[in-house]
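K.L.:
quick one, what's the 3D model for this:
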Amino acid sequence: MSLIELFGIAIQQVYLYSLIIFAVCMVLFLFFGDVIDGVGEGIPFFNPAVILSFLTFFAAIGFILESLTSFSSIMIIAIATIISTVLSVLLYFFILLPLKSAEVSMAYTDESLAGQIGKVIVPIPVDGFGEVVIETINGLISKRAVGFDNEEIEYNQQVLIVEVKEGTVYVRAYEPMFSN
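P.N.:
Coordinates of the predicted model:
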């Protein structure tokens, strides 16, 4: 049993209560993290996920060491700080950074579709809507389509996306300049 008390509560209980509070905060951050996503944008280690993970690791390691070892509380704080720092750095560099770069690379804007080549999967009638599919590095994108000059475009024909307005792509029949 620990001899150190904080606010009249044994340090082991402080670690346990902290672990519960930080774990709840992590779960809330997982669900509502987009609201505060830009807080730590410029400073990498001022990322709320990194800070919450450090505090959660610290409380968990402190609780485990207080429960299972006879080390002094000061030594346990030092060990928990070192291990939590290492785990948080590993989490940041091997999980959060790759996820962040993958998230950015999968995004596209409607404006970025202009100039792309697609294929008609639902025929486009005169003065009506059809559907085209655009093949990208990240997969297929299906969009509502209309003929740029209100022309009819048949199924399975390649089209050039001229512009995008309000989620609708305006297309023209595409004929490659050089065919193989």
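
K.L.:
where does the chain dip in pLDDT?
P.N.:
Applying pLDDT under 70 to the chain flags the ranges 1-3, 6-7, 35-45, 101-107, 179-180.

K.L.:
can you list the domain ranges for it.
P.N.:
What automatic domain parsing lists as the domains of the chain is 5-106, 111-173.

K.L.:
make a markdown table out of those domains and add mean neighbour count.
P.N.:
For glycine as for every other residue, the C-beta is placed from the backbone atoms N, C-alpha and C. Listed next are the domains of the chain as a markdown table, based on neighbours: other Cβ atoms under 10 Å:
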| stretch | mean neighbour count |
| --- | --- |
| domain 5-106 | 15 |
| domain 111-173 | 15 |
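
K.L.:
now do the strands in this protein.
P.N.:
For the chain, the strands defined by DSSP state E occupy 5-6, 9-10, 117-122, 130-136, 139-147, 158-165, 168-173.

K.L.:
wait, which of these is closest to Leu68?
P.N.:
Of all the strands of the chain, strand 9-10 sits nearest to Leu68, with 15.0 Å by Cβ to Cβ.

K.L.:
partners of that closest one in the sheet?
P.N.:
The strands beside strand 9-10 in its sheet (DSSP bridges) come out as strand 5-6 (antiparallel).

K.L.:
tell me which residues touch the residue lying closest to Glu163 once chain neighbours are set aside, please.
P.N.:
In space, and not counting its chain neighbours, Glu163 is closest to Tyr170: 4.9 Å by Cβ to Cβ, 6 or more residues apart in numbering. Residues in contact with Tyr170 (Cβ atoms under 8 Å, 6 or more residues apart in numbering) are Ala145, Val146, Gly147, Phe148, Ile161, Val162, Glu163, Val164.
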